[in-house]
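Enquirer: fold the following, please.
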Amino acid sequence: MKATLRYRLLIAGALIALLLLAACGKDNGTEASPSATSSAETSVPASAAASGSETPSAEQESGKRIYEHAMGSTEIPTHPQRVISIQYTGAMLALGVKPVGADDEWSVYPLLKEEWAGIEDVGDPWTGLNLEKIISLQPDLIVTHVEQTYEQLAKIAPTIFIPWLKYDVRGQIAEFGDILGKQEEAAQWLADFDAKVEATKLKAAELIGPDETVAIVNLRPTNQFIYGNSAMGGYVIYQALGLKAPETIQRDVIDQKLAMLEISEEVIGDYASADHVFLSVLEADGGKERAEEIKKSGLWAKLPAVQNNRVHDLDWDTYFTTDPLSTLKQLDAFIELLERDRG
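Expert: Okay, here's the model as predicted:
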């Protein structure tokens, strides 16, 4: 029995080694990248300016460049053709680049579903990536935000690590324009995005007054959060459209550069006493029922937004994603939400 087990382990090890050798020996220049869409100018992150020791002409000749990131320096293609994306798929899709494979974490969200079609699922970054599937896709670049699996991925193909929420929408576009060799597309996308934001501001001004405040409240099965200006619609509401947060949210969340702040149920009124409350609910595992209980409480009834019928249901699946493509679509979704609630 022990000999048989050792034999099986040797065979499994040999198969994995062969897969790795196949991945290392692949021809990276066999497939062309999809056509790019638009993108625009922004302040470029520091890594976007880093080009390593090679001159531009040398990079063009070699097709390689050095990219500096949180885990060190990595030689990557100047124009990657077969990218595996862990979490950053929306930024790539915004620039017209469809990864050959991506994690499945955001594939179910409605704002990305159409563009996601055709991308191979490589597993969940938290519960387990499918490394054999990644090898079989023969990537020439892997981008990830999960430190725990970085070394495993780096053995398959050049891998860069970008911490999640390091960059906002504009920063993501500038950074991935540099990584993917899509600088012109990034500049155009950002110009189009800025124009879209300005047009949306005009519409929002007709629905929310300049002195009115807005709060984003998130109820979950066992706890609750107040969101700042980077996630759960916070980028659109506070950064892009410039809507005002109550003083407590500005002081304790936004000024502290927190994506969200966990609070006790007893102090919801201290943070949600705004003219408008945008409420998102994580309905699974009893979250929906708990939210209904809170909405029947005296604390909730005292909120100005509740008394004035200005509580807006912020769909979790629509506003959970924070990538550039989703954010662009959230601008329209936000106005549609306000217009619908106004009746």
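Enquirer: for residue 298, give its distance to residue 97.
Expert: Separation of residue 298 from residue 97 (C-beta to C-beta, to the nearest Å): 52 Å. In short, each C-beta sits where N, CA and C put it, glycine included.
Enquirer: compare the two (neighbour count), which wins?
Expert: It is residue 97, of residue 298 and residue 97, that has more neighbours when counted by other C-beta atoms under 10 Å, with 25 against 7.
Enquirer: look up how far residue 91 lies from the more buried one.
Expert: With C-beta to C-beta as the criterion, residue 97 and residue 91 are 9 Å apart.
Enquirer: try residue 215
Expert: 28 Å.
Enquirer: what do you get for residue 300?
Expert: For residue 300, the distance to residue 91 equals 37 Å [C-beta to C-beta].
Enquirer: spit out the contact partners of residue 84.
Expert: 99-102, 122, 134, 137, 139, 141-143, 153, 157 (C-beta atoms under 8 Å, 6 or more residues apart in numbering).
Enquirer: which one of residue 215 and residue 91 has more residues nearby?
Expert: For residue 215 versus residue 91, neighbours defined as other C-beta under 10 Å are more numerous around residue 91 (30 against 24).
Enquirer: give me phi/psi at the more buried one?
Expert: phi -70, psi -40 (degrees, to the nearest 10).
Enquirer: could you do the one 5 residues further on as well?
Expert: Per-residue torsions, residue 96: phi 80, psi 10 (degrees, to the nearest 10).
Enquirer: burial of it, as a residue count?
Expert: Neighbours of residue 96 (other C-beta under 10 Å): 17.
Enquirer: for residue 325, see how far away it is.
Expert: 11 Å.
Enquirer: residue 120 too?
Expert: From residue 120 across to residue 325, the span is 19 Å (C-beta to C-beta).
Enquirer: neighbour count: those two, which is higher?
Expert: residue 325 (24 against 15).
Enquirer: helix, strand, or coil at that one?
Expert: helix (DSSP: H, G, I helix; E, B strand; the rest coil).
Enquirer: next, the buried residues of stretch 130-142.
Expert: 130-131, 134-135, 137-142 (16 or more other C-beta atoms under 10 Å).
Enquirer: ditto for stretch 276-296
Expert: For stretch 276-296, by 16+ other C-beta under 10 Å, it's 276-282, 287, 290-291, 294-295.
Enquirer: nearest to residue 305, of those?
Expert: Of all those, residue 305 sits closest to residue 277, with 4.0 Å by C-beta to C-beta.
Enquirer: how close does that closest one get to residue 167?
Expert: Per C-beta to C-beta, residue 277 is found 28 Å from residue 167.
Enquirer: ditto for residue 342
Expert: Distance from residue 342 to residue 167, by C-beta to C-beta: 34 Å.
Enquirer: do residue 196 as well
Expert: 19 Å.
Enquirer: ok, residue 224 next?
Expert: With C-beta to C-beta as the criterion, residue 224 and residue 167 are 27 Å apart.
Enquirer: out of those two, which sits in the busier spot?
Expert: residue 224 (23 against 20).
Enquirer: now do the strands in the stretch 51-200 of the chain.
Expert: 64-69, 72-77, 83-85, 101-102, 120-121, 123-124, 128-129, 141-144, 159-161 (DSSP state E, counting those that start in this stretch).
Enquirer: so which of these gets nearest residue 114?
Expert: strand 101-102 (14.5 Å).
Enquirer: which helices and strands sit right next to that closest one?
Expert: strand 83-85, strand 120-121 (3 or more C-beta pairs under 8 Å, 6 or more residues apart in numbering; DSSP states H and E).
Enquirer: give me the contact list for that strand.
Expert: 84-86, 89, 116, 119-122, 133-134, 137, 139.
Enquirer: could you export the buried residues of stretch 276-296 as a markdown table, including secondary structure and pLDDT?
Expert: As requested, the buried residues of stretch 276-296 are exported to a markdown table (DSSP: H, G, I helix; E, B strand; the rest coil; pLDDT from 0 to 100):
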| residue | secondary structure | pLDDT |
| --- | --- | --- |
| 276 | strand | 97 |
| 277 | strand | 98 |
| 278 | strand | 98 |
| 279 | strand | 97 |
| 280 | strand | 96 |
| 281 | strand | 96 |
| 282 | coil | 95 |
| 287 | helix | 95 |
| 290 | helix | 97 |
| 291 | helix | 97 |
| 294 | helix | 97 |
| 295 | helix | 96 |
